[in-house]
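S.K.: have a look at this prediction, sequence included:
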Amino acid sequence: MLVIDGATARLTLTNPQRRNSLSEPTLRALLAALDEVAVSEATGLILGAEGPVFSSGHDFADVAARDVVGVRALLELCQSVMEKLQSLPQVVIARVHALATAAGCQLVASADLAVAASTAGFALPGGAGGWFCHTPAVPVARSIGRKRLMEMALTGDVIDAATSLDWGLVNRVVEPEQLDAAVEELLARATRGSAASKAWGKRVLYAQLDRPAADAYAIAAEAMAAASQSAGGKEGMAAFLGKRHPEWTD
């Protein structure tokens, strides 16, 4: 379910009976909603869920009915959703109130930011079963590093919210009754300033991540040079030099 209210969009998984599993219809609905957010006036997106589980990942009933070509197509669709979260011009923050496993954990790791309730947990359970969490491990690895990824992926064990914070999978952990306030507070700080500059900055950050330092510097330097000539860049510097508050027109 998508609701856009001014500067904030809220995208909520609303199928608790299926543990908010990521079936093909759900993934297609998510992708369509993200496309709608991308062209909206919103500057931030809150990704949440209803029910006792944030998301259990892929729907095994959906997967088991497919041949290898069908499963490959499903995984490509899922990848499109994860990549769309990171290509959106808006800041995306995951609001994690409960357990997120497999592709559900992938969803959290693919968001720009994440705030978890102390009741949340995270797992890549394929390592304890028969279908290893290969694709969910991609963004999780980029959040927590190799050794911690190996522990999650090989054991399949749930890590609690406090551990997820220590490992870098989430930005904040709060008590459940404080979750909404914490999400709003972080999103407000992450979306202040020039919206155009923020969108460009997010795109460049993802482009340079995990590249060799020289390549990353080349990407970042060219982006900064170009941004210095943008309306937001010029206004930000003029406001600083003029000792005044900036007036963003983008």
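M.R.: Good, I have the coordinates. Remember, it's a predicted structure, so these values are computed and weren't measured experimentally.

S.K.: where does the prediction get shaky in the chain?
M.R.: Residues of the chain meeting the criterion pLDDT under 70: 224, 240, 250.

S.K.: all strands for it, in order.
M.R.: Per DSSP state E, the chain carries strands over the ranges 2-5, 8-13, 44-49, 53-55, 91-96, 99-101, 113-117, 121-123, 159-160, 172-174.

S.K.: turn these into JSON lines, including mean neighbour count and distance to residue 26.
M.R.: Using the backbone N, CA and C atoms, a C-beta is placed for each residue, glycine as well. As requested, those are exported to JSON lines (neighbours: other Cβ atoms under 10 Å; distance: least, Cβ to Cβ, whole Å):
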{"stretch": "strand 2-5", "mean neighbour count": "13", "distance to residue 26": "13"}
{"stretch": "strand 8-13", "mean neighbour count": "20", "distance to residue 26": "7"}
{"stretch": "strand 44-49", "mean neighbour count": "24", "distance to residue 26": "11"}
{"stretch": "strand 53-55", "mean neighbour count": "26", "distance to residue 26": "9"}
{"stretch": "strand 91-96", "mean neighbour count": "26", "distance to residue 26": "16"}
{"stretch": "strand 99-101", "mean neighbour count": "26", "distance to residue 26": "15"}
{"stretch": "strand 113-117", "mean neighbour count": "26", "distance to residue 26": "20"}
{"stretch": "strand 121-123", "mean neighbour count": "24", "distance to residue 26": "19"}
{"stretch": "strand 159-160", "mean neighbour count": "18", "distance to residue 26": "25"}
{"stretch": "strand 172-174", "mean neighbour count": "19", "distance to residue 26": "26"}
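
S.K.: so which of these is nearest residue 143?
M.R.: strand 113-117 (8.8 Å; Cβ to Cβ).

S.K.: hmm, who's touching the closest one?
M.R.: Strand 113-117 has contacts (Cβ atoms under 8 Å, 6 or more residues apart in numbering) with 91-98, 108, 161, 164-165, 169-176, 179, 182-183, 186-187, 190.

S.K.: same check on stretch 135-150?
M.R.: In contact with stretch 135-150 (Cβ under 8 Å, 6+ apart) are residues 57, 75, 78-79, 82, 102-103, 105-106, 109-110, 124, 126, 152-153, 167-169, 209-210.
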